[in-house]
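Q: Predicted structure and sequence below. I'll ask about it afterward.
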Amino acid sequence: LEHELDNLRDKPAVTRDGVVVKLLGNIEFPAEADMVLEKGGEGIGLYRTEFLYLYSGSEPTEEDHYEAYAQTVRNFGEKPVVIRTMDLGADKLPHDSPYPADTNPVLGLRSIRYCLQNLTLFKTQLRAILRASVLGNIRVMFPLITNLQELRQAKMILRDVMEDLDEYEVPYNPSIPIGIMVETPSAALTASLLASEVDFFSIGTNDLIQYTLAVDRSNERVATLSTAADPAVLRLLRSVIHDANKGKIDLSICGEVASDPEFVMLLLGMGVRTLSMASPMIPEIKQIVRSVTIEECNYLARKVATMDSPRQIKNFLRDSATKIL
Ligand code: PEP
Ligand code: MG
């Protein structure tokens, strides 16, 4: 089976009725980038850059960032590489953080909020991303956006950094695509507003589930409540997909659900055409895409929309997956 999946690498991720799906990789380290290509991924949909802040003894320099991004894009040519800016909070703080731990880290000063209050740290990363943007098809993505003002502030800082680079005649891509993670209920509910000010959305279902259902994603005791098969989560997903299509911006899903074999048909049926996942999962997901029709997926998604319990939805998705796998 392994061998069979390896043979899929150079085959397109296209459904039996000819709909093209894009499968991308999630990475945390530059050394993982080439594995995305080896597994048949068509780009990096989520580069989590937190390792830069966590595994060295000091705050990363602009050169530390730049080297990591340059190494990552090296073999990607025109394939997209989405670099997500720092996404840490009091549960995992960067080195030398000036802040005491939040008592409720998931709701505290984290991620984009932290960056907007630490402009030196934020600008250092943005400068490196912009400098690397001439080396390939680099896109920048802001995590944990909860409202339009935060997005505007982040974009304004990006423009400030561009002006600095202009002053020193440092080359960068002035039209670098800008996107956000849609991973809070507030972002999902205001997606139509946000869509008019970004080039792409990537839905982070891991956090979207956590914040929508009020289940700590790291707490084993509530793990069974944590599912994308919840009608509340599915309603938000449908609405974000609709708003992204209406706003004519790119949409992908980069949470764990994107590589869950039981959810692939549902996501396709809901209109998703780009999935980003840990690269070892790409061949298996590609095989599923290649064995279904969009018509079947649409039918399945319509049935799920009539169901009111996570258990019913999960059982239905499992049965449907067993039939095609
Ligand atoms: C998510 O929240 O779904 C996501 C992809 O980001 P992370 O898991 O890094 O929070
Ligand atoms: Mg997240």
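A: That came through, no problem. Ligands and ions are numbered 1, 2, ... in the order given.
Q: Return the distance of stretch 101-109 from the chain's centre.
A: In terms of Cα atoms, centre = their mean, to the nearest Å, the centre of stretch 101-109 is set 22 Å apart from its chain centre.
Q: quick one: average confidence on that stretch?
A: For stretch 101-109, mean pLDDT is 89.
Q: Tell me the residues of the stretch 51-200 of the chain that contact ligand 1?
A: Asp87, Glu183 (Cβ under 6 Å from any ligand atom). Any C-beta I mention is one placed from the backbone N, CA and C, and that applies to glycine too.
Q: can we see that at 5 Å?
A: Glu183 (Cβ under 5 Å from any ligand atom).
Q: Now the closest residue to ligand 1 within the stretch 51-200 of the chain: closest residue in space that isn't a chain neighbour?
A: Here the stretch 51-200 of the chain gets closest to ligand 1 at one residue, Glu183, 4.6 Å apart by Cβ to the nearest ligand atom. Using Cβ to Cβ, 6 or more residues apart in numbering and skipping residues adjacent in sequence, the residue nearest Glu183 is Gly204, 3.3 Å away.
Q: what does Thr274 give?
A: Closest to Thr274 by Cβ to Cβ, 6+ apart is Ser252, at 3.7 Å.
Q: gap between the residue nearest in space to the middle of the chain and ligand 2?
A: The residue lying closest to the centre of the chain (Cα atoms, centre = their mean) is Cys254, at 3.7 Å. Distance, Cys254 to ligand 2, by Cβ to the ion, to the nearest Å: 9 Å.
Q: Now that residue, what are its backbone angles?
A: Phi and psi for Cys254, reported as degrees, to the nearest 10, are phi -120, psi 10.
Q: I'd guessed it sits against Gly45; true?
A: Yes - between Cys254 and Gly45 a contact is recorded at 5.2 Å, counting by Cβ atoms under 8 Å.
Q: any common contacting residues for those two?
A: Counting by Cβ atoms under 8 Å, 6 or more residues apart in numbering, the common neighbours of Cys254 and Gly45 are Leu24, Asn26, Ser202, Ser276, Met277.
Q: In a strand, Ile138, correct?
A: Yes - the assignment for Ile138 is a strand, going by DSSP: H, G, I helix; E, B strand; the rest coil.
Q: Which residue, other than its chain neighbours, is closest to it?
A: Ranked by Cβ to Cβ, 6+ apart and with sequence neighbours excluded, the top spatial neighbour of Ile138 is Val81, at 5.3 Å.
Q: Run a quick neighbour tally on that neighbour.
A: Residues contacting Val81 under the criterion other Cβ atoms under 10 Å number 25.
Q: hey, what's it bridged with?
A: Counting by DSSP bridges, Val81 forms beta bridges with Ile44, Ile138.
Q: quick one: contacts for it?
A: Residues in contact with Val81, defined by Cβ under 8 Å, 6+ apart, are Ala33, Gly43, Ile44, Tyr47, Thr72, Val73, Gly136, Asn137, Ile138, Arg139.
Q: on that earlier part again, now do the same contact list for the residue nearest to Glu183.
A: So Gly204 contacts Pro143, Met181, Val182, Glu183, Cys254, Gly255 (Cβ under 8 Å, 6+ apart).
Q: ok, now with 7 Å
A: Gly204 sits next to Met181, Val182, Glu183, Cys254, Gly255 when contact means Cβ atoms under 7 Å, 6 or more residues apart in numbering.
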